[in-house]
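S.K.: here is a sequence with its predicted model. Questions after.
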Amino acid sequence: MASDDALLRRVRQRLTATEDIVEKPMVGGIGFLWRGNLLCGVMGDELLVRLAARDAAELDGNGGAHPMVMAGQVAKSWMLIPPTTVRTDAGLTSWLARAFAFGATLPPK
């Protein structure tokens, strides 16, 4: 699946100032690792973010956000955010901030 180039460019711009970010091709898109943990990514035209499972459950449906499904399994900590929700800088920044808040709780790899 090809990643949305415009969204990918916007995510890169927001992450360039952060230390320990590594961009990596992933199955289905492009992922961004922070301190060795997958933080977020772009899958098709959607933003992928990693959140605490309880936060993901609370945010399900918020702006069209929905859990990622891989091989028929619902990923409880991974949310896909549709393009309409991250079209604005504020929308993208808000979801990335949520991903960073959870990522900060994980030990570096």
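M.R.: Nice, I can see it. Note that the structure is predicted; figures quoted are calculated from it, not measured.

S.K.: quick check: longest helix of the protein.
M.R.: Counting residues, the longest helix found in the chain (DSSP state H) is helix 89-103.

S.K.: residue with max distance from the center of the chain?
M.R.: Here the chain reaches farthest from its C-alpha mean at G72, the gap being 19.6 Å by Cα atoms, centre = their mean.

S.K.: where do the helices sit along this protein?
M.R.: 5-15, 53-59, 89-103.

S.K.: in the protein, which strand is the longest?
M.R.: strand 73-81 (DSSP state E).

S.K.: before we move on, back to that, quick one: the helices of the chain as CSV, columns for mean neighbour count and mean pLDDT too.
M.R.: All C-beta spots, glycine's among them, are computed from the backbone N, C-alpha and C. Listed next are those as CSV, based on neighbours: other Cβ atoms under 10 Å; pLDDT from 0 to 100:
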stretch, mean neighbour count, mean pLDDT
helix 5-15, 16, 96
helix 53-59, 15, 90
helix 89-103, 17, 97
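
S.K.: redo those helices as CSV? Include distance to S77.
M.R.: Converted to CSV, the helices of the chain look like this (distance: least, Cβ to Cβ, whole Å):
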stretch, distance to S77
helix 5-15, 19
helix 53-59, 5
helix 89-103, 8
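
S.K.: of these, which is nearest C40?
M.R.: helix 89-103 (4.7 Å; Cβ to Cβ).

S.K.: what's in contact with that closest one?
M.R.: 10-11, 14-15, 34-35, 37, 39-40, 47, 49-52, 55, 59, 63, 65, 77, 81, 85-86 (Cβ atoms under 8 Å, 6 or more residues apart in numbering).

S.K.: mind listing what R10 touches?
M.R.: 86, 89, 92.

S.K.: redo those residues as JSON lines? Include distance to P25.
M.R.: Shown next, in JSON lines, are the contacts of R10 (distance: Cβ to Cβ, whole Å):
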{"residue": "V86", "distance to P25": "21"}
{"residue": "D89", "distance to P25": "26"}
{"residue": "L92", "distance to P25": "21"}
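
S.K.: that concludes my questions; thank you for your assistance.
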